[in-house]
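Undergrad: predicted coordinates and the sequence they were generated for:
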Amino acid sequence: MSGLALQNVVKEFGSFTAVKGVDLEVPNGTFVCLLGPSGCGKTTLLRMIAGLDLPTRGAIRLGGEDITAVPTHKRNLGMVFQSLALFPHLTVGENIAYPLRIRGIDKAAQARRVEELLAMIHLKGYADRPVSKLSGGQRQRVAIARALAISPKLFLLDEPLSALDAKLREAMQVELRQLQQSLGITTIVVTHDQREAMTMADTVVVMQAGEIRQAASPIEIYRRPADSFVADFIGQTNLIEAEATGGVASVLGVAVPGLTLPAGGKALLSVRPEDVHLTAPGGSAVPATVTFVRDLGGTIETFLDAGGRQVVAVSTPRERPEVSVGQAVGIQLTAEDCVVLKS
């Protein structure tokens with residue numbers, strides 16, 4: 001059975017177009033993250049998938065069926081909101097059972113499903129506990145269990161982990177991904193956190209100004225960004241101009257053998273900080289001066305001035321360069337380190 005398909009989906013609010021002709025295929029059982037800055041259209045897109053907003057134009061299909069105009073409660077989906085929206089006057093078990101109760105499922109079946117889900121989210125024995133007595137991470141798990149109670153075809157989450165502290169958020173990212181893999185449920189998460197998207201997703205959909213800039217695997221997005229926006233938004237990068245003279249491409253005035261530039265002889269490159277290799281000055285290296293060194297424990301960042309342009313190099317403690325502020329160094333680049341971006 002086919003998964004979710006968005007076909008030329010547009011959403012207009014008066015004269016403002018929030019989503020501009022989005023096409024996206026989400027195969028069954030995959031985990032997709034809609035990623036982008038505030039106002040890029042990712043939440044509006046999720047709301048249209050959920051049926052909370054209707055597209056101005058375009059179609060949404062699930063399992064081959066056109067669900068564009070199907071009401072939310074008939075789409076057989078589970079959703080977790082940023083606020084979680086748990087019922088404070090109900091117990092953990094009552095919260096999880098709520099979608100089953102309103103569908104007329106008998107109490108015995110409700111109880112069995114609640115116990116099954118509590119075991120799945122590692123909260124066995126919590127059925128009678130008030131939700132007000134739970135930690136943030138536990139409330140998050142209960143919201144997820146409630147959304148999964150009806151065994152939905154599609155699982156939607158809108159920035160579900162944003163209220164958690166950094167350490168708990170990272171732990172929940174792993175748990176959510178493992179849960180999705182064990183269930184094999186098609187899942188779409190909205191986030192503005194690139195680390196979250198890289199941790200959980202099979203496919204990252206990077207959005208800006210209502211459009212998809214790139215949709216690919218996390219490693220493809222990171223190593224082969226489509227353009228300067230994606231390169232700069234995903235992780236840290238150095239955006240550097242390159243030009244070709246006499247068939248030889250040069251970066252910061254130094255030739256890089258094997259680097260091919262498009263017609264016109266000029267291009268913008270993305271060079272990840274971990275691919276910036278520091279050497280002694282001279283030879284085929286780009287001349288630079290160390291301006292700042294930041295030791296973050298697991299990594300060391302070296303900030304450099306290369307002909308008036310800031311370049312950042314990242315190394316591990318084991319590879320730590322013996323450099324100091326004001327020192328002259330060389331930057332060694334290879335063609336493999338440089339990603340030529342679309343104009």
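TA: Noted; the coordinates are in hand. Every value quoted in this text rests on a predicted model; they were computed, and no experiment measured them.

Undergrad: please count neighbours and contacts with C-alpha atoms only from this point.
TA: Fine.

Undergrad: which parts of the stretch 151-300 of the chain are strands?
TA: Counting by DSSP state E, counting those that start in this stretch, the stretch 151-300 of the chain has strands at residues 154-158, 186-191, 203-208, 211-216, 238-245, 248-251, 254-255, 266-271, 277-279, 286-295, 300-306.

Undergrad: turn these into TSV, including mean pLDDT.
TA: Formatted as TSV, those follow (pLDDT from 0 to 100):
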stretch	mean pLDDT
strand 154-158	95
strand 186-191	96
strand 203-208	97
strand 211-216	97
strand 238-245	91
strand 248-251	89
strand 254-255	91
strand 266-271	94
strand 277-279	94
strand 286-295	96
strand 300-306	97
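
Undergrad: check what pLDDT residue 275 gets.
TA: The confidence metric pLDDT takes the value 95 at residue 275.

Undergrad: now do residue 21
TA: pLDDT recorded at residue 21 is 96.

Undergrad: distance of it from residue 8?
TA: To residue 8, residue 21 is 4 Å away according to C-alpha to C-alpha, to the nearest Å.

Undergrad: contacting residues around the residue nearest the centre of the chain?
TA: Of all residues in the chain, the one closest to the mean position by C-alpha atoms, centre = their mean is residue 197, 2.5 Å from it. Counting by C-alpha atoms under 8 Å, 6 or more residues apart in numbering, residue 197 touches 33-35, 191, 204, 218.

Undergrad: determine which two of those residues are furthest apart.
TA: Using C-alpha to C-alpha, the pair of those lying farthest apart is 191 and 218, separated by 14.0 Å.

Undergrad: for the protein, list the residue farthest from the centre, please.
TA: Residue farthest from the centre of the chain, counting by C-alpha atoms, centre = their mean, is residue 246 at 41.0 Å.

Undergrad: count of residues packed around residue 85?
TA: 11 (other C-alpha atoms under 10 Å).

Undergrad: ugh, wrong one, I meant residue 135
TA: Residue 135: 11 surrounding residues under other C-alpha under 10 Å.

Undergrad: and the one 5 residues further on, by the same measure?
TA: Counted by other C-alpha under 10 Å, the residues lying close to residue 140 total 22.

Undergrad: name the element it belongs to?
TA: If you go by DSSP states H and E, residue 140 is part of helix 136-148.

Undergrad: quick one, that helix and strand 154-158 angle?
TA: Using axes from the mean of the first three to the mean of the last three C-alpha atoms, to 10 degrees, one finds that helix 136-148 and strand 154-158 are set 140 degrees apart in direction.

Undergrad: which helices and strands does helix 136-148 pack with?
TA: strand 77-80, helix 92-101 (3 or more C-alpha pairs under 8 Å, 6 or more residues apart in numbering; DSSP states H and E).

Undergrad: try 10 Å
TA: Secondary structure elements in contact with helix 136-148, counted by 3 or more C-alpha pairs under 10 Å, 6 or more residues apart in numbering; DSSP states H and E, are strand 77-80, helix 92-101, helix 107-120, strand 154-158, helix 166-183.

Undergrad: least confident of those, on average?
TA: Ranked by mean pLDDT, the helices and strands packed on helix 136-148 end with helix 166-183 at the bottom, a mean of 90.

Undergrad: give the residues shared as contacts by residue 21 and residue 8.
TA: 57-58 (C-alpha atoms under 10 Å, 6 or more residues apart in numbering).
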